[in-house]
Structures are given as structure tokens and as C-alpha cells.
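Colleague: Next comes the sequence, and after it the predicted model I'd like to discuss.
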Amino acid sequence: MNKAELKDFLDQKAAQYEHPKFLESDPLQIPHRFSKKEDIEISAFLTATIAWGNRKSIINNATRLMELLDNAPYDFLQNHQESDLDSLSNFVHRTFNGDDLKYFIKSLSNIYKNHGGLETVFTKNQAQNSLQLSISNYKTIFFELAHMPRTQKHVSDPLKGSAAKRINMFLRWMVRPGERGVDFGLWKNISSSKLSCPLDVHSGNVARKLKLLRRKQNDAKALLELDTSLRKLDTNDPVKYDFALFGLGVFEKF
């Protein structure tokens, strides 16, 4: 395919998969259960944090996580007592455990009480066409409280070579327009043009087959290469193609 044919193909696939029925099997359904901005943000961030592995398991465990937070995550952050965190002790999703979850609740509470909330933190340190510095600085703020070193692995740092797939996915959810009923478009101070594709095994493999990506590892360098290719197809909304790449890989075994 030449560039025009590739763009047309991917535009069609992006439109096909950016549809509310996509949510039936996707972890993004979890924040769609809420209406308050803060509840959507917090539930989305926590869901994205555990979004690796079997998608049914992710959805089940994210549902349980919300139940542990009384299905009111912002209220839980604002008003919990130390004793309330005991109920989180037995939570497990793969290598993310109850101790990690307790710290995440403490840190998110600190971010809302002392840093203006998730949107405020991520809005800072934006580059001209990237949020990777914002993500790195977010991690610094996130771990400013006393914590176990093991918990740091659950928040990626793109400046240390990570593709930061789960945080880039979370940012897509928050920033991209919500007219199609999938992403939310909640954050107005970040442009969709600065988003990076949530690069994983599915989107990476399809991108290589379409010659959008040549690097073999799914790391920060590969992400930059893929972002550069996608921005040539759509400067204003390059990450809409995440739907195409993911859909082609997961549902069509492209």
C-alpha cells in the first residue's frame, strides 16, 4: 500500500473499532460506569494500571477494585481512614498486590489534596508534540511519599526507556474526544496531537506488518518511531489509529 491507501485503510479500521460495542470486552468499560469527573479519572487510572494479561481477568479485577473503594473512588480517596485500607490487603492482579494498592490510594489522595488532581499534574511539563516528559514527572510526584521500592515498577518512566503503554492508554482515554462514546475527552488542556500510541504486542506486531514500525523491541525508541509514522497520517489525532492497530491484531489476527 502507498501512503494514501494505508491512511484510507487505517481510517476505516479506526472508525470501525472506535464504537461503544468495543467497550463490551475492554477494560475501558470500568470508568464508563461513573459520571463524576474525579471518579472517571481515578477508576481509569487504577484500571489502566492493572491492564495487562487476560482482558476478562482485568475487567473482573478492576470491578472488584472499584467495589473495595465502595464504587465511589474519589470519596474513598478524600475520606478514608488508615483502618479503611485494611480491606485492600488481599487484592491481587498478577504482580500488583494489596500493598501496592494501598500505596496507590495514599498517593492519589496526596495528588488530589496537594497537587490539584491528576489532570493538573499531567498537564504540566508538556512538550511540543509529546507527553513523555509529563509522564516522567508524574512518576516523580507519584512516589514522593514513603513507599516500598517494589511498587515503583507499576508506574512506567518513558525517559528510562519504557513505552509506558498503560499510562499512554490512560491519557488517550482522558484526552481524546468522547463523541463516539469510547474515550472521554475530559481533559481540555492537553491536545490529542500530543498523545502517544499505547504500544503493546498487538499494536506493535500490526504496525511492523504495515511498515509503520521497524524496531523490534516495544520500548520508548519504538514508540517514538511509531508516533512519528502515525502523525504523518493524522497530525491532529494520531492515536485514533490505536483502535485500528489493536482491532486488527486482537480481533482480526492480522
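Modeller: Received it, and whenever you're ready, just let me know what you need. Residues are numbered from 1 along each chain as shown.
Colleague: backbone phi and psi for Ser191, please?
Modeller: phi -80, psi 140 (degrees, to the nearest 10).
Colleague: What's the local residue count around it?
Modeller: 14 (other C-beta atoms under 10 Å). Any C-beta I mention is one placed from the backbone N, CA and C, and that applies to glycine too.
Colleague: Please apply the same query to Leu69.
Modeller: 23.
Colleague: quick one, longest helix in this protein?
Modeller: helix 98-114 (DSSP state H).
Colleague: now for it, which elements pack on it?
Modeller: Applying 3 or more C-beta pairs under 8 Å, 6 or more residues apart in numbering; DSSP states H and E, one finds that helix 98-114 contacts helix 37-49, helix 73-79, helix 118-123, helix 132-142.
Colleague: Go again with 6 Å.
Modeller: helix 73-79 (3 or more C-beta pairs under 6 Å, 6 or more residues apart in numbering; DSSP states H and E).
Colleague: related to what we said a few turns ago, any buried residues in the longest helix of the chain, and which?
Modeller: If you call a residue buried by 16 or more other C-beta atoms under 10 Å, then helix 98-114 has these buried ones: 98-109, 111-112.
Colleague: Any stretches of the protein with poor pLDDT?
Modeller: The model of the chain has no residue with pLDDT under 70.
Colleague: what about the helices in it?
Modeller: Remark: helices assigned in the chain by DSSP H are 3-17, 37-49, 55-68, 73-79, 98-114, 118-123, 132-142, 165-175, 201-209, 220-233, 241-250.
Colleague: Show me how far the third one is from its chain's centre.
Modeller: Relative to the chain's own centre, helix 55-68 is displaced by 16 Å; criterion: C-alpha atoms, centre = their mean, to the nearest Å.
Colleague: in that helix, what counts as buried?
Modeller: Those buried within helix 55-68 under the rule 16+ other C-beta under 10 Å are 58-59, 61-63, 65-66, 68.
Colleague: and the direction of that helix versus that of helix 37-49, what angle?
Modeller: 140 degrees (axes from the mean of the first three to the mean of the last three C-alpha atoms, to 10 degrees).
Colleague: Need the buried residues of helix 98-114 in a markdown table (columns: distance to Lys13).
Modeller: Below are the buried residues of helix 98-114 laid out as a markdown table (distance: C-beta to C-beta, whole Å):
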| residue | distance to Lys13 |
| --- | --- |
| Gly98 | 40 |
| Asp99 | 41 |
| Asp100 | 36 |
| Leu101 | 36 |
| Lys102 | 41 |
| Tyr103 | 39 |
| Phe104 | 34 |
| Ile105 | 38 |
| Lys106 | 41 |
| Ser107 | 37 |
| Leu108 | 35 |
| Ser109 | 40 |
| Ile111 | 36 |
| Tyr112 | 37 |
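Colleague: quick check, nearest of these to His147?
Modeller: Tyr103 (5.0 Å; C-beta to C-beta).
Colleague: Can you name the residues that contact that closest one?
Modeller: 147, 151 (C-beta atoms under 6 Å, 6 or more residues apart in numbering).
Colleague: ok, now how distant is the residue lying closest to Lys194 once chain neighbours are set aside from Thr123?
Modeller: Of all residues not flanking Lys194 in the chain, Leu131 sits nearest, at 5.2 Å (C-beta to C-beta, 6 or more residues apart in numbering). Leu131 sits 9 Å away from Thr123, going by C-beta to C-beta, to the nearest Å.
Colleague: Same question for Gly161.
Modeller: For Gly161, the distance to Thr123 - C-beta to C-beta - is 24 Å.
Colleague: more crowded one of those two?
Modeller: Using other C-beta under 10 Å as the criterion, Gly161 and Thr123 rank with Thr123 on top: 16 against 13.
Colleague: The more buried one and Asn189 touch, don't they?
Modeller: Yes - if you go by C-beta atoms under 6 Å, Thr123 and Asn189 touch, sitting 4.6 Å apart.
Colleague: what do those two both touch?
Modeller: Common neighbours of Thr123 and Asn189 (C-beta under 6 Å, 6+ apart) do not exist.
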